[in-house]
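Enquirer: Sharing a model prediction with you, sequence too.
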Amino acid sequence: MPGVLIAAAAVVPAYLVHLVFPGLPVLTAAVVLGLVAANLPGVSTAVAGPLKPGLSLAARKFMRTGIVLLGLKVSLVDIAGLGWAALLLIVALVGAAFAGTYAVCRAFRLPGAEPLLIASGFSICGVSAIGAVAAARRVRPEDTVVPIALVTLCGTLAIGVLPLLGTLMSLSAETFGIWAGASVHDVGQVVATAQTAGTSALAAAVVVKLARVVLLAPLTAAAGLIRRPDTEGTDDRPGKRPPLLPLFVAGFLALIVLRTTGVVPEGVLEAAALAQEILFAAALFALGAAVRFRALFASGARALSAALASWFLIGALGLGLAVILSP
């Protein structure tokens, strides 16, 4: 319980940092605070000792619960309004972004599961996709911190860079919104980026982004399927194969269906969105608290270079999609 409570309490300073520095998203602040706690003399001893079991539990459970609540943001009716041609192009974009990012990370020789996790986060929905794929592949929580840090960094950069580029290129509001929805990683980052161009840009961005979010389920299933044939046992459950579709992803799909019915009151949707952000912030603090700076920067400039190259690739693909779909 102490570690779980510390992770939950860390949400408060993360929001305070965001209030003082509005340009710094809450989730980014939570990761940074976790890293500080893991490397601050005195505090790091407690984090690596008696608090570690609770922090590990918080990272796992809070992240998965947040992913479930993410389903309440997705309405299949809104997505269907894009039309089949647009949906097929978005699927093609996600596939190209995933394959391209994975290839870039492999070219930079990033270790372990980092190429898969970074490709998942950059192509689908940031932290949520990394958490889901990591669960399907039974990746240790501490091994997800570098991908999460990189996807958070690039998503945060997009909030400032994309509006500037959109202005320089004289993009229409709808074209800019589609670009933001197609290339920015996290849903919250998409909103922060697109709203700078007005309500029409924001509306276009959110629908395109949520079409990408729906692909989280098939991506997670594919990750679990690839894992199953060569895995008779897992690190934490010897002799038992990982599930094809984790239970929390099934919950994510169920809430998408519920949202699509239109029976959920607007107030409940707003409360769920806030709860999701709080859960993600607590989970990211706990993940950050599991990593020493030496481990975080083990890949050094290679990891940062791979992330920036992937960010540029996805931005170019998203801009191409925006130009095609714009009236």
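Expert: Now that the structure is in, tell me what you want to look at. Numbers count the residues shown, from 1 in each chain.
Enquirer: Can you pull out the low-pLDDT segments for the stretch 1-150 of the chain?
Expert: Within the stretch 1-150 of the chain, the stretches with pLDDT under 70 are 44, 46-49.
Enquirer: can you tell me which residues contact A275?
Expert: Taking Cβ atoms under 8 Å, 6 or more residues apart in numbering, we find A275 in contact with 66, 69. The way it works is simple: take the backbone N, C-alpha and C, and place the C-beta from them, glycine included.
Enquirer: try A97
Expert: 119, 122-123, 313-314, 317.
Enquirer: Quick check: buried residues in the host helix or strand of A96?
Expert: If you go by DSSP states H and E, A96 is part of helix 84-107. Of all the residues in helix 84-107, those buried under the rule 16 or more other Cβ atoms under 10 Å are 86-87, 89-90, 93-94, 96-98, 100-102, 104-105.
Enquirer: which of those residues lies closest to S128?
Expert: Relative to S128, the closest of those is V94; by Cβ to Cβ it sits at 14.0 Å.
Enquirer: what element comes up after the helix holding A96 heading to the C-terminus?
Expert: helix 114-120.
Enquirer: just checking, what packs against the helix or strand just after that next one?
Expert: Later in the chain than helix 114-120, the nearest helix or strand by DSSP H and E is helix 127-136. Identification of packing neighbours for helix 127-136 by 3 or more Cβ pairs under 8 Å, 6 or more residues apart in numbering; DSSP states H and E yields helix 52-70, helix 114-120, helix 145-168, helix 216-227, helix 247-261, helix 266-288.
Enquirer: how far is helix 127-136 from where the chain is centred?
Expert: 8 Å (Cα atoms, centre = their mean, to the nearest Å).
Enquirer: and what of stretch 178-191?
Expert: 11 Å.
Enquirer: Let the chain start at 7 from now.
Expert: Sure thing, new numbering starts at 7, so read that last one as stretch 184-197.
Enquirer: quick revisit: do you know which of the helices and strands packed on helix 133-142 lies nearest P31?
Expert: Among the helices and strands packed on helix 133-142, the nearest to P31 by Cβ to Cβ is helix 151-174 (5.9 Å).
Enquirer: what angle sits between the closest one and helix 58-76?
Expert: 40 degrees (axes from the mean of the first three to the mean of the last three Cα atoms, to 10 degrees).
Enquirer: Distance check, the closest residue to A16 other than its chain neighbours against L168.
Expert: Take A16 and drop its neighbours on the chain: the residue closest to it by Cβ to Cβ, 6 or more residues apart in numbering is F291, 4.0 Å away. F291 is 27 Å from L168, where distance means Cβ to Cβ, to the nearest Å.
Enquirer: if you count what's nearby, which of the two comes out ahead?
Expert: Higher neighbour count among F291 and L168: F291, with 32 against 25, using other Cβ atoms under 10 Å.
Enquirer: contacting residues around that one?
Expert: Counting by Cβ under 8 Å, 6+ apart, the residues that F291 touches are 13, 16-17, 20, 36-37, 39-40, 43.
Enquirer: With F114 as the reference, measure out to whatever residue is furthest in space from the centre of the chain.
Expert: Distance from the C-alpha centroid of the chain peaks at G48, with 31.1 Å (Cα atoms, centre = their mean). G48 is 36 Å from F114, where distance means Cβ to Cβ.
Enquirer: what do you get for S316?
Expert: Counting by Cβ to Cβ - S316 and F114 are separated by 10 Å.
Enquirer: Now do the host helix or strand of R218: which elements does it pack against?
Expert: With elements taken from DSSP H and E, the one containing R218 is helix 205-220. Helix 205-220 is packed against helix 82-86, helix 90-113, helix 179-189, helix 193-200, with contacts defined by 3+ Cβ pairs under 8 Å, 6+ apart.
Enquirer: ok, now how distant is A281 from A229?
Expert: 26 Å.
Enquirer: Out of the helices and strands packed on helix 133-142, which is closest to A307?
Expert: helix 151-174 (12.2 Å).
Enquirer: Tell me the buried residues in that closest one?
Expert: 151-162, 164-165, 168-169, 172.
Enquirer: now swap in stretch 277-295 and tell me
Expert: Buried residues in stretch 277-295 (16+ other Cβ under 10 Å): 278-279, 282-295.
Enquirer: can you give me how far stretch 272-279 is from the chain middle?
Expert: 20 Å.
Enquirer: What mean pLDDT does it get?
Expert: Taken as a whole, stretch 272-279 has an average pLDDT of 89.
Enquirer: sorry, back to before: what residues of the helix holding R218 count as buried?
Expert: For helix 205-220, burial by neighbour count (16+ other Cβ under 10 Å) applies to 207-220.
Enquirer: could those residues be laid out in TSV, adding distance to P56 and pLDDT?
Expert: Shown next, in TSV, are those (distance: Cβ to Cβ, whole Å; pLDDT from 0 to 100):
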residue	distance to P56	pLDDT
A207	48	85
L208	45	83
A209	48	84
A210	49	86
A211	44	87
V212	43	84
V213	46	87
V214	45	88
K215	40	87
L216	41	84
A217	44	86
R218	40	88
V219	37	85
V220	41	83
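Enquirer: Brilliant, that's me finished.
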